[in-house]
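> Let me see the structure of the following:
(chains A, B and C)
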Amino acid sequence: MADSALNAERPISTVHRQAGEVINRVILWAVFLTLSVICVYPMIWLFLNAFKSTNELFSASWALPETWRWENFTTAWGYGISRYLLNSVIVTVATVTTVLTLSSMAAYALVVMSFPAKAAIYMSILGGMILPPEVSLFPLFKVLAATDLYNTYFALILPNVAFHLPFTTFLIRSYMVGIPPDLREAALVEGASEGLVWRDIYMPLCRPILASAGLIAAMGVWNEFIFALTFVESDSVKTVTIGVMSFAVALRADYGIMMAGLALSILPILATFLILQRQFIGGLTQGAVK
Amino acid sequence: MTRLLAATALGLIASSAFAQDQTTISFLHKYPEPESMAFFEAAVEAYEEQNPDIDIVMEAVADDPYKDKIRVLMASDQVPDIYFSWSGEFGRKFAREGRTYDLTDALAGAEWEGRFSEAALDPLSFEGRQFGVPTNVNAKYMVYSTEIFDEYGLEEPATFAEFLTLLQTLAEEGVTPIAYGNQAPWAATHYIGDLFAKYVPNDVRIADYQLLADPDDLYTHPGYVEALQVYLDLGDAGFFNRGANALPHAAARGSFLSGRAAMMYLELVEFYMIPGSDLEESGWGFFAIPPVDGAEGSQTLLTGAPEGFLLSADTEVAEEALDFLNFLTSPEMAAEYVRTTGMTSAVIGSVTSETASEEVIAGLQRLEEADGMALWLDTDMDTQSANVILAAGQGLLSGDDTPEAVMERVRTTALDVQGGR
Amino acid sequence: MARAVADLLVLARVPFYTKGSTMTRPSANRTHRASLQGWLWVAPTLAFLVIFVYGPALANVRYSLFSFSAMSTSKTFVGLANYARLMADPIFLQGLVNNALYALISVFFQVGVALTLAAVLEARIFPRFAANTFRSALFLPSILPVVVVGLIWQLLLAPAMGLVDQALWELGLGDWSRAWLGDPATALFTIIMVSQWQWTGYIMALFMVAIRAIPRDLYEAMELEGASGPRIFWNLTVPGARETILIVTIITILGSLKVFDIVWVMTAGGPNHSSEVLGTLMYRAAFRDDVIGYSSAIATVIFFIALTIGVVQIKLQKDR
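All right, here's what the predicted structure looks like:
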């Protein structure tokens, strides 16, 4: 709307040019509407077909279900989706809490303290970002097997923590750099310990970046695949990404129920996203650019 | 909130560490389908009730992932006390590596007497020692819709040539002759394995599979190439549905059961899914892939295999685990198993008119009459050579591979593995 | 694509080549008494990295010089034999090419297309509400687990029962119908496109943040001069978002190198190895074929390619 006001003021704008702009605009609308449909429709398709019988699916998968089979969802739920979701919550919460604690400690030291080999240490923390987890897969697996951690929550939590520490440390450190050092110095003069300064001054001030870094790490852990595929075994510890996969294989014969299971598995994250779109997108893109 | 969840997490982690004074038996199998799980859960519960000091921790993983999973467990020394295995090389490998508990003496005991047939026991033995307790016997048959066969005046073929004519007729009539889902390419190995058995003399084939053949002769019999050519021709002639490589086996089965194809190559243990489907209404029958005139292999072998449960070599509860397996394969439990899951138990006398459909009984009977079994190819060859065949099952279908090139690769791979052994 | 969101954001302003790093800030030196205490604060993080990241990566390099099975306890030293075998393995070379194709197409979409889309959304062409809705819609796929994305698209693309196939037949385009994931000619490209579907919107949102950081008056000035949309894009948006473009490019390439889950879920490298990437080859070698040394050699190759890309990134950013 602001643009059209601008246009009217433009001396050089001609009828011809305006017509061209209208066409451009129509094209752009069409492009973005199409893209939006392409991005969103598969979800709608999934949820619609989750209500169908296998036979209905084969005949016309875009149609509305003849009868809404809510029982598909109850059946799917009965296959342990709830357990997988709970496991994912446990692993994600434990990982993110640990990552935020350790990396904010490291970031704090890197920003306010001076100690030998600081630059080298920071570099070696960041270097962890480059290494793809695949490279460590088998040796890591050996370590977990040797320490009896294989097939426990720790088999997922510990490696996930390790692979998320570098980036989180980086994010928090960049933020802490902006906190005036006087605050800490004043507190130290008053006799506070470093631990107190970290906990009572820096952590509260860092809340926005902690939220953002936490969200980024949480999404990463929640969707993590290769560790979950390799390091756990039992249904009692399987996270939802792998749970969904075994679920899909076992239920290949009944597509309606399988789709209901898939739908249930993404429902929590989808709902959160729809309610908190702005915070979500903001949080996940934060830090990538100034 | 966060703190609460973290506390819950710690609680859960801790609770798993509190093993009581019970003996725990870990048990891993590959029957996660709802019917089977219901049976196993009930069996475990019943056994625990009889033996309150025993705690059985059961897990189930689907067919294909199971192959990775058990190897991972072996590598991490976390082998369950009781675990599933196919017969053939799949199980032999564990026996060869010393990862299985020797059951020879135990199974010779009085309570096990006469429970299993020799045909079920033998493929679960290695160098004369029994390493597994057979649970199921299984065989692969071409299942067809009598309605479609009648419509075009077709009959069960007696020779492979007749089979091809029949397929041709169906294709010309615009009917999909065979429903085929080869996304996970083990499906292809069932065709290829059956054809190998028909085209390659038995002793040559077994020596090759077990890598006991002379390196100069390994996988050089021309029958292999001929067999692959037959498989390739089946695809080229349009006898399979479109997009077989993109379709999971179960999806193809779904489409066959709802009447979208005339035939499908199915396992005996899949027969139980037919009741209640459109196929049941239109009537159905089955036959083994018929003999090939003039081919050098054995024409009367059936493709299929027993499968069973093994005990870990490291198990500390061998006695208890054996007792549980004894319970699981007791005549009563076996009958219950057949009745509730539709599986064909290896326990003699468990598949009767009271527990199974007449087709299942007929299928089992034909299996007993067969001269022997050609085991599932992908579990009978060594893993790496089998992987070549697995990929080729897709490549031949899509026209990206030739039978000669495939066998050349199989030979190279097999020589490599043989050399390393 | 096998990458955590965090990997996507591997960054940029790493201190040893950043202006204004606090590393040498005098205020940090004021508290000398803290000299060794700092180590305690970074120790847990370092310990995690050593135990779970660096240690295993080094162990992997060592493993690649042996031939062994995960089940047996003995290893045979074979020197570089695993690497020799790699170089002679057509499937491995196919995997390398596939990773490269993956990277190429991903860069086109996730840098080229995503930046263009972001520029349009930030150009105030659409009403604010519409622009926000478009952004959310395009962003949506990126919040889903890759496994679920793979499974949904597997269903959408399935012959006969899938939406894509059914739609083609309904539209009279039955000839175009094919087993997208079952045909060696299309399997890899189909997977790559699904990956673009998932990530382009996310990168677009990143670019939108970058574009917003470009001073608004520069845009207004160019608009007043009557500059066309494309010209504004090339002369202002692209240079303005240069740093983000560079980072996103590097990350996309790294992500394409690491790709595993989407391929594993959708085709597991098939049909007939046509969609195999280094990740699937490595995984299968270790956990199915049980040739650990060979698998470690593949992992080492991934490691060195990643390292090279990392070094190139640092160099590029230093030079600017």
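> For chain B, give me the ranges with low pLDDT.
Where chain B drops to pLDDT under 70, the residues are B:1-21.
> number of nearby residues for the residue of the stretch 201-350 of chain B found nearest chain A?
Chain A sits closest to residue B:250 of the stretch 201-350 of chain B, with a gap of 3.4 Å, by C-beta to the nearest C-beta. (Each C-beta comes from the backbone N, C-alpha and C, glycine too.) Residues near residue B:250, counting by other C-beta atoms under 10 Å in any protein chain shown, number 21.
> For residue A:249, see how far away it is.
Counting by C-beta to C-beta, to the nearest Å, the separation of residue B:250 from residue A:249 is 9 Å.
> Please apply the same query to residue C:272.
Where residue A:249 is concerned, residue C:272 sits at a distance of 21 Å (C-beta to C-beta).
> neighbour count winner among the two?
Neighbours per residue (other C-beta under 10 Å) separate residue C:272 from residue A:249, with residue C:272 holding more: 24 against 19.
> Give me the nearest residue to the more buried one, chain neighbours excluded.
Using C-beta to C-beta, 6 or more residues apart in numbering or on different chains and skipping residues adjacent in sequence, the residue nearest residue C:272 is residue B:395, 3.2 Å away.
> Please list all residues in contact with that neighbour.
B:401, B:406, C:184, C:271, C:272, C:273 (C-beta atoms under 8 Å, 6 or more residues apart in numbering or on different chains).
> Tell me the one among these nearest to residue A:142.
residue C:273 (27.4 Å; C-beta to C-beta).
> how about residue B:145, what does it touch?
Counted by C-beta under 8 Å, 6+ apart, residue B:145 has contacts B:259, B:262, B:263, B:279, B:282, B:283, B:284.
> Show the buried residues in the residues you listed.
B:259, B:262, B:263, B:279, B:284 (16 or more other C-beta atoms under 10 Å in any protein chain shown).
> Take the residues you listed and keep only those in strands.
B:263, B:284 (DSSP state E).
> Columns distance to residue B:46 on top of the buried ones among the contacts of residue B:145, output as JSON lines?
Shown next, in JSON lines, are the buried ones among the contacts of residue B:145 (distance: C-beta to C-beta, whole Å):
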{"residue": "B:259", "distance to residue B:46": "40"}
{"residue": "B:262", "distance to residue B:46": "43"}
{"residue": "B:263", "distance to residue B:46": "40"}
{"residue": "B:279", "distance to residue B:46": "34"}
{"residue": "B:284", "distance to residue B:46": "35"}
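> Including distance to chain C, could the buried ones among the contacts of residue B:145 go into a markdown table?
As requested, these are exported to a markdown table (distance: C-beta to the nearest C-beta, whole Å):
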| residue | distance to chain C |
| --- | --- |
| B:259 | 13 |
| B:262 | 16 |
| B:263 | 17 |
| B:279 | 17 |
| B:284 | 21 |
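> Among the buried ones among the contacts of residue B:145, which pair sits farthest apart?
So, the buried ones among the contacts of residue B:145 by C-beta to C-beta: farthest apart are B:259 and B:263, at 11.9 Å.
> In contact with whatever residue of the stretch 1-150 of chain B ends up closest to chain A, which residues?
Closest contact between the stretch 1-150 of chain B and chain A, by C-beta to the nearest C-beta, is at residue B:76 (3.2 Å). Contact analysis of residue B:76 by C-beta under 8 Å, 6+ apart lists A:141, A:142, A:144, A:145, A:150.
> ok, 7 Å please
Contacts for residue B:76 (C-beta atoms under 7 Å, 6 or more residues apart in numbering or on different chains) come out as A:141, A:145, A:150.
> Keep only those of those residues that are also close to chain B.
Residues of those in contact with chain B (C-beta under 7 Å from any C-beta of the partner chain): A:141, A:145, A:150.
> Go through these and say which is closest to chain C.
residue A:141 (8.3 Å).
> what number of residues lie near the closest one?
Neighbours of residue A:141 using other C-beta under 10 Å come to 23.
> do the same with residue A:281
By other C-beta under 10 Å, the burial measure for residue A:281, its neighbour count, is 23.
> can you tell me how far it sits from residue A:167?
Taking C-beta to C-beta, one finds residue A:281 at 18 Å from residue A:167.
> domain assignment for the chain?
Going with chain A. A:2-49, A:72-285 (automatic domain parsing).
> that's the wrong chain, I meant chain B
B:2-138+B:306-357, B:140-303+B:382-420.
> Buried residues in the helix or strand where residue C:49 lies, which are they?
Using DSSP states H and E, residue C:49 maps to helix C:37-49. Using 16+ other C-beta under 10 Å as the test for burial, helix C:37-49 gives C:38, C:39, C:41, C:42, C:44, C:45, C:46, C:48, C:49.
> would you list these in a markdown table and tack on distance to residue B:109?
Shown next, in a markdown table, are the buried residues of helix C:37-49 (distance: C-beta to C-beta, whole Å):
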| residue | distance to residue B:109 |
| --- | --- |
| C:38 | 68 |
| C:39 | 64 |
| C:41 | 64 |
| C:42 | 63 |
| C:44 | 56 |
| C:45 | 58 |
| C:46 | 58 |
| C:48 | 53 |
| C:49 | 55 |
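> Going by distance to chain B, which of these wins?
Distances from chain B to those, taken by C-beta to the nearest C-beta, are shortest for residue C:44, at 17.1 Å.
> Contacts only, for the closest residue to that closest one other than its chain neighbours.
Once flanking residues are discounted, residue C:44 sits nearest to residue A:102: 4.9 Å by C-beta to C-beta, 6+ apart. Counting by C-beta under 7 Å, 6+ apart, residue A:102 makes contact with A:165, C:44, C:45.
> any idea how far the residue of the stretch 1-150 of chain B closest to chain A is from residue A:145?
3 Å.
> Could you list the low-pLDDT ranges of the chain?
Going with chain A. Short version for chain A, where the test is pLDDT under 70: A:1-17, A:58-60, A:250-253, A:286-290.
> To clarify, I was referring to chain C.
C:1-34, C:71-73, C:319-320.
> hey, where'd the strands end up in it?
Using DSSP E, strands in chain C cover C:66-67, C:76-77.
> deepest of those, which one?
The highest average neighbour count among the strands of chain C, using mean count of other C-beta atoms under 10 Å in any protein chain shown, belongs to strand C:66-67 at a mean of 18.
> Chain A contacts on the stretch 151-300 of chain B?
Near chain A, when you scan the stretch 151-300 of chain B using C-beta under 7 Å from any C-beta, you find B:248, B:250, B:251, B:253, B:254, B:255, B:258.
> how many other residues sit next to the fifth one?
Translated: residue B:254. 25.
> Please apply the same query to the first one.
When counting by other C-beta under 10 Å, one arrives at 20 neighbours for residue B:248.
> distance of it from chain C?
Using C-beta to the nearest C-beta, to the nearest Å, residue B:248 is found at 8 Å from chain C.
> now the fourth one
Distance, residue B:253 to chain C, using C-beta to the nearest C-beta: 13 Å.
> so that residue sits in a helix?
Yes - judged by DSSP: H, G, I helix; E, B strand; the rest coil, residue B:253 forms part of a helix.
> My read is that it contacts residue B:261, right?
No - assessed by C-beta atoms under 7 Å, residue B:253 is found out of contact with residue B:261, at 9.9 Å.
> what sits in contact with each of the two?
Common neighbours of residue B:253 and residue B:261, using C-beta under 7 Å, 6+ apart, are residue B:179.
> Residue C:278 contacts residue C:298, correct?
Yes - between residue C:278 and residue C:298 a contact is recorded at 5.9 Å, counting by C-beta under 7 Å.
> Let me see the contact set for the closest residue to residue B:400 other than its chain neighbours.
Leaving aside its sequence neighbours, residue B:400 sits nearest to residue C:184 (C-beta to C-beta, 6+ apart; 5.1 Å). For residue C:184, the contacting residues are B:398, B:400, C:271, C:272, C:274, by C-beta under 7 Å, 6+ apart.
> Sweet, I'm off.
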